[in-house]
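Chemist: give me a model of this one.
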Amino acid sequence: MSKIKGEEVEQLRLNSLQANLPIDRDTFSSNIPFPHICFDNFLAEEVARKIHDEFPITGEGQWIQYFHYNERKSGLNNQSLLPKPVKNLIDQLHSYEFCNYLSQLSGIKNLIPDHTLEGGGLHSSERGGYLNIHADFTVHPHNPTWERRLNLLIYFNQDWKKEFGGDLEFWSNDMKKCVKQIEPIFNRCAIFATKADSYHGFPEPLKCPEGERRLSLALYYYTQSDQKVKIKPTNYKSRPEDGLKSILIWLDKKVVSIYTLVKKRFGLNDDMASLFLGFFRRKKR
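Modeler: The predicted structure is shown next:
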C-alpha cells in the first residue's frame, strides 16, 4: 500500500476523521442492523465536485452491464478508463494511512484494499435502475484466502431529490423490515461491515428524470486468512411485499451463484457479466 501525501490528507479530510475516531468507532459498532456509519461532506468540496463533473457517461462499450432480474446498474472498474480525479481518490482510499484508519474505525485489523476493483469502481444507475436486497459475496474471486469485510460507498449525486428514490436500505437479518434508509446525496459516504446477514440494496426502481443518474464509487476491503475462505456468492433476498416475485429473485440468485463459480474456476473478470447475467430480465415499473 502506498503512503498518502499531506495535500491528499486534506482532500480526504483524514485529520478530521481521525480526530473523531473515539466517537465514530462507538457509533459504527453500535449501529443496527449491522455495524455501519455515514459521513456527510466526506471529501473536500472541490474534489467531490471535480469527480462529479468528470464522471464518465454510461456506455455499453466500456461499462459492465449488470442487467438481470436482481439488479439493473452499470459498473466501470477498468482503471485505465477512470478519470484522473477518480484514480487519485482511489489511490488515497487504498493508502496505508486510510486502511489503518478503517481498521481503527471498524475494529477489523489488517484490512487489505482490492486494487483490481472486482465488483466495485464507479457505479451508475439510470431511471428504472435498482439493486435488490442482498448480502455480498464473501471471498475475493481471484484470491481464495481473502475474506471480504468492509464496504465503502461515496455518492456524487448533485441536487438529488427524495422523490427520485435510490435510498440505500439496511434490512434486519430476518428480512422482516427495513431498519435504516440512507439518501444517496452528494458527497455522502457510507461504510459498513460485510457479513453474511448484512442485507442492503435499493430495491425500488429509480424515479429520477431521464438523463439523471445515481452515481457512486464502491470500494471493498478484505482480510487475509490462513486458509481458503468458504465461498458464499451474492445472496439476494426477497422482501415480505415481494410476493410471487420471490420465486424469480431466488431463481436469478441461483444463476448468479453459477456465474460466481464459473468466474472463479476460469479466472474471469466482470467484463463477462453483461453476457452471462442477462438470463432473467426485470421490466421497468
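Chemist: helix/strand/coil for the spatially most central residue of the chain?
Modeler: The centroid of the chain falls nearest to residue 218 when counting by CA atoms, centre = their mean (4.0 Å). Put simply, residue 218 is strand when judged by DSSP: H, G, I helix; E, B strand; the rest coil.
Chemist: roughly how far does it sit from residue 26?
Modeler: 25 Å (CB to CB, to the nearest Å). Where you see a C-beta, it was placed from the backbone N, CA and C, and this is true even at glycine.
Chemist: give me the neighbour count for the nearest residue to residue 230 once chain neighbours are set aside.
Modeler: In space, and not counting its chain neighbours, residue 230 is closest to residue 138: 7.0 Å by CB to CB, 6 or more residues apart in numbering. Residue 138: 20 surrounding residues under other CB atoms under 10 Å.
Chemist: now residue 171
Modeler: Residue 171 has 24 nearby residues by other CB under 10 Å.
Chemist: what does residue 85 give?
Modeler: Quick note: residue 85 (other CB under 10 Å) scores 19 neighbours.
Chemist: is it true that it touches residue 48?
Modeler: No - with contacts counted by CB atoms under 8 Å, residue 85 stays clear of residue 48, the gap being 9.5 Å.
Chemist: list the contacts for the nearest residue in space to the residue nearest to the centre of the chain that is not next to it in sequence?
Modeler: Excluding its sequence neighbours, the residue lying closest to residue 218 (CB to CB, 6+ apart) is residue 120, at 4.3 Å. Contacts for residue 120 (CB atoms under 8 Å, 6 or more residues apart in numbering) come out as 75, 77, 114, 217, 218, 219, 220.
Chemist: try it again at 7 Å.
Modeler: 77, 114, 218, 219, 220 (CB atoms under 7 Å, 6 or more residues apart in numbering).
Chemist: kindly report the same for residue 16.
Modeler: Per CB under 7 Å, 6+ apart, neighbours of residue 16: none.
Chemist: again, only this time at 10 Å
Modeler: Residue 16 makes contact with 9, 10, 39, 41, 42, according to CB atoms under 10 Å, 6 or more residues apart in numbering.
Chemist: kindly report the same for residue 220.
Modeler: Contacts of residue 220 by CB under 10 Å, 6+ apart are 112-114, 117-120, 136-137, 140, 146, 148-153, 194.
Chemist: now do residue 18
Modeler: Here residue 18 is in contact with 9, 24, 97, 100, 101, 104, 105 (CB under 10 Å, 6+ apart).
Chemist: for the helix or strand hosting the fourth one, buried residues please.
Modeler: Same thing as residue 100. Secondary structure from DSSP states H and E places residue 100 in helix 96-106. Buried residues in helix 96-106, counted by 16 or more other CB atoms under 10 Å: 97, 98, 99, 101, 102, 103, 104, 105, 106.
Chemist: so what strands line up beside the next helix or strand along the chain from that helix?
Modeler: Downstream of helix 96-106, the next assigned helix or strand under DSSP H and E is strand 112-113. Strands that pair with strand 112-113, judged by DSSP bridges, come out as strand 213-224 (antiparallel).
Chemist: how about residue 33: what's its closest non-neighbour residue?
Modeler: Nearest to residue 33 is residue 179, by CB to CB, 6+ apart, at 4.5 Å.
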